[in-house]
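Visitor: structure for this input, please:
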Amino acid sequence: MQKFLNLRGAKYLIVLLIIMVIGLFLGHLKTKQEVHHKPILHNKLTILHFIHTVKVKQKPPPAPINIKQGYVIFENDQVTVYRNGQMADIVNKQTGQRIRVNHCGTVHNIISKSANMPPLVGDAIAEGIKLVCYDEVTIIEIKPAFKVMSTYPNPRTGLDKIIINKGNNTLYLYKEGELYKSYPVATGKDPLFTPEGIFKIANKIGDHGRELKPQLGVRWLGLAVPFEQDKRAEKDARAPVGRKYGIHGTNEPDSIGKYASGGCIRMDNRQIAELFKLVEVNTLVEIRNW
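Guide: Next up is the predicted model:
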């Protein structure tokens, strides 16, 4: 009898052990399944994707580049403009012709510009581009000819302005920030005679011999030059009120384009008459030597 009970107890123990093993196995499977389905991996993928998207937005791909030409900064059906160090190359797509100018910041299309519209009043442009850099502007005609039409100082303003460059004895007139016309002039026979700086038109005198001396022509645009920029005298009271320095006509037309005056800016009499009508008192006048 005792033997029988011992055998029966052993069977129960074996069954209990089997049940425990099965329970542990099923619990392990469940735990493994839960770990497998935790959302951590999914969240990590989402965060990585978001960072990647931000980086793409913050660092757009660079402009197209041709190793031999430089960076493409402008392109239309007719030309491609490359930035090449401190220079810009304009390449005609149809002919392969190349024009090199100083490095430009922006490029603008010019389409069907009539001769009576700036820039360059008097010249019509069927198709061209305007290249603008900090110091100068270049107008290039594409059609009918591929050529540089003009290079002139950048006025850096949207207002009317005059720039006089003693370096090439040229006066540039700007209307609302666009070059309207340019004129040859004569400036001081000595580099110090014609003052440099930014001034204003102080007065306009337009008589016909009643007030102006013959050597001043028939039109006078007086320049308000402060004492400290008047290199010909100390505190000459005429300079700040526009009675000492001015833009005027001349009775010596052969002097135009030369360094010939006592400090004023001489112009052809017909051209000063035209300029006189186009500018107003208080118009800015910048005189430079480059």
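Visitor: look at G96 and give its secondary structure.
Guide: coil (DSSP: H, G, I helix; E, B strand; the rest coil).
Visitor: that one: neighbouring residues, count only.
Guide: 7 (other Cβ atoms under 10 Å). All C-beta spots, glycine's among them, are computed from the backbone N, C-alpha and C.
Visitor: ok, the one 10 residues further on next?
Guide: Using other Cβ under 10 Å, the number of residues around T106 comes to 11.
Visitor: just G222 next, same as before
Guide: The tally of other residues near G222 (other Cβ under 10 Å) stands at 24.
Visitor: hmm, who's touching the helix or strand it falls within?
Guide: Per DSSP states H and E, G222 falls inside strand 220-223. Applying Cβ atoms under 8 Å, 6 or more residues apart in numbering, the external contacts of strand 220-223 come out as 195, 199-206, 212, 241-243, 245-248, 272, 275-276, 279, 285.
Visitor: just the buried residues of the residues you listed.
Guide: 195, 199, 201-202, 204-205, 212, 242-243, 245-248, 272, 275-276, 279, 285 (16 or more other Cβ atoms under 10 Å).
Visitor: so which of those are in strands?
Guide: Using DSSP state E, the members of the buried ones among the contacts of strand 220-223 that fall in strands are 199, 201-202, 204-205, 245-248, 285.
Visitor: specify which member of the residues you listed is nearest to C133.
Guide: Distance to C133, by Cβ to Cβ, is smallest for V285 among these, at 22.4 Å.
Visitor: remind me which helix or strand the nearest residue to the closest one once chain neighbours are set aside belongs to.
Guide: Nearest in space to V285, with sequence neighbours left out and distances taken as Cβ to Cβ, 6 or more residues apart in numbering, is I162 at 4.5 Å. Using DSSP H and E, I162 maps to strand 161-165.
Visitor: for that strand, the distance to its chain's centre please.
Guide: Distance, stretch centre to chain centre, for strand 161-165: 19 Å (Cα atoms, centre = their mean, to the nearest Å).
Visitor: please apply the same query to stretch 263-274.
Guide: On Cα atoms, centre = their mean, the centre of stretch 263-274 falls 32 Å from the chain's centre.
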